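Chemist: next comes the sequence, and after it the predicted model I'd like to discuss.
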Amino acid sequence: GSDMLDLNLFLHEMGLLLHFLPAQAHPWDSERLLVLGEVLERHLLPQLHTEFKRELMRLSKEAIIQESAQQFQRMLSVGPYRPSHVTAFDVLKSCPVRPTYCTVASIFLPTEGRDAIFFAFVDRDGLVRAHDLLPGKMSKQKKQKIRDFLKASQPDVVVINTGAGQVAKSTKDMIEKYLVTEVQDLLAAERAAAREERRGRNRYNHGYDDEFDEDEDEDEDEAVFSPDVLLVQDDVARIFGSSTRAKKMFPEILPGGASAICLARFVQDPLAEYANMWTSADSIGFFGYESFFLDIHPLKDLVQRAKVPLLRALERCLVNAVCDVGVDVNMAVSHDHLAGPLAFVAGLGLRKADALRSNIKNVLGFVSSRRELFERKLMGRVVYTNAAGYLRVCDNGLGELQLDPLDDTRVHPECYVQHDFAPKI
């Protein structure tokens, strides 16, 4: 401000310039300098200081929003879990086949104190098949509880939240070094007992077939329990656990259990969990307010009053990410936890996406082709033109239906329905 500037030197220079004025003006020089100093000190400099500060604040907020969007874009670029033996090149070769989803067991450890440990198991489609908890006062039974849960669920992947710090690392080491082997031994013992029981029944019924039994034994021996054990960031899971969405979806499950379920689903489809943050609004009416709790910038608290520009920037990132990969329309219709990305398809939005899901459920039940959406008047012409290229009709094991493979790509229908450009290529 003006108190930080020395105006004496400036006024002295101005006084020297006044000597070049006509001689009759010299008696007023001192008054001119006093007026100039008064104007600078009390009016111009404070206004310039305020304007400069306002401009710096605007530019800094824009920079924070831009850097937050860039960080969020990097977070959205992380794809679903990929088995260690599957390379990125293998994924590209399998396109546009749906990613290999896996069964996941999550272990949600407390961040502090003697809180409960929560467990969840989801199938390949993200549906909850089992959940449990270990009270904090029974923490000495942690190893046995984890072993029993893994034995009962036999997941392809085991995930542990990183929010527990060193405890998460030690739990991961314990599972990899000891519990996997123990579960393998227990399962092998159960298979051996079942095999002996089956042989006894065959002998009793006088229908014993050594060759058939040997083939069955070989098939059983191939199924070895050997899951990947991962440490996963749990910020999205923690936000979901304390949200109103969790209370609506799982009213009978504690917040820690809901966080465990979200952590397992996050491994299967991270983009869907990020998009689901925009399916509920706060008391003011901001959709996507949960994203404010993500660690996307160390100075994000300084833009709390600029929520609208920040949300718009994050929404643009989600639209770009969703349109890059597309949305399996049938999975989005049949599974609520996979419906979030549908709202970020170009041409849609929250209301249009909800209306589309309801119409598909009531009219079609299952979408067998993209053009069916327009022919059955589920989408208008303009919306269909904008969105059709990002709505994918995937073959999810329904072999009885003859699906067009181009409906599972980002090739727009006008290139192979209205015209035959794509088939010719």
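Modeler: Now that the structure is in, tell me what you want to look at. What you see is a predicted model; the values in this text were computed from it and never measured.
Chemist: how many neighbours does L299 have?
Modeler: 12 (other C-beta atoms under 10 Å). To be clear about C-beta, it is placed using only N, CA and C from the backbone, and glycine gets the same treatment.
Chemist: without its sequence neighbours, what residue ends up closest to it?
Modeler: Once flanking residues are discounted, L299 sits nearest to I64: 5.3 Å by C-beta to C-beta, 6 or more residues apart in numbering.
Chemist: measure that neighbour to D295 for me?
Modeler: Computed as C-beta to C-beta, to the nearest Å, the I64 to D295 distance reads 14 Å.
Chemist: look at those two and report which has more neighbours.
Modeler: Using other C-beta under 10 Å as the criterion, I64 and D295 rank with I64 on top: 20 against 10.
Chemist: remind me which helix or strand that one belongs to.
Modeler: Secondary structure from DSSP states H and E places I64 in helix 45-76.
Chemist: same for that helix, what does it pack against?
Modeler: helix 270-275, helix 307-325 (3 or more C-beta pairs under 8 Å, 6 or more residues apart in numbering; DSSP states H and E).
Chemist: in the chain, which residue is most central in space?
Modeler: Nearest to the mean C-alpha position of the chain, by C-alpha atoms, centre = their mean, lies Y274 at 3.1 Å.
Chemist: for that residue, which non-adjacent residue is closest in space?
Modeler: Closest to Y274 by C-beta to C-beta, 6+ apart is L76, at 6.1 Å.
Chemist: quick one: contacts for the one you found?
Modeler: Counting by C-beta atoms under 8 Å, 6 or more residues apart in numbering, L76 touches 270-271, 274, 317-318, 321.
Chemist: out of the residues you listed, who's nearest M379?
Modeler: Proximity of the contacts of L76 to M379 (C-beta to C-beta) peaks at L318, which lies at 20.6 Å.
Chemist: who touches the nearest residue to that closest one once chain neighbours are set aside in this structure?
Modeler: With sequence-adjacent residues excluded and distances taken as C-beta to C-beta, 6+ apart, L318 is closest to F344, at 4.7 Å. Contacts here follow C-beta under 8 Å, 6+ apart; on that basis F344 touches 275, 278, 315, 318-319, 321-323.
Chemist: farthest-apart pair in the residues you listed, please.
Modeler: W278 and C323 (15.2 Å).
Chemist: neighbour count for those two, which is higher?
Modeler: W278 (22 against 17).
Chemist: returning to what we had before: would JSON lines of the contacts of L76 with pLDDT be doable?
Modeler: JSON lines is the format used below for the contacts of L76 (pLDDT from 0 to 100):
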{"residue": "P270", "pLDDT": "92"}
{"residue": "L271", "pLDDT": "92"}
{"residue": "Y274", "pLDDT": "93"}
{"residue": "C317", "pLDDT": "93"}
{"residue": "L318", "pLDDT": "93"}
{"residue": "A321", "pLDDT": "91"}
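Chemist: tell me the secondary structure for F121?
Modeler: strand (DSSP: H, G, I helix; E, B strand; the rest coil).
Chemist: what's near enough to touch it?
Modeler: Contacts of F121 by C-beta under 8 Å, 6+ apart are 103-106, 128-131, 149, 153, 155, 264.
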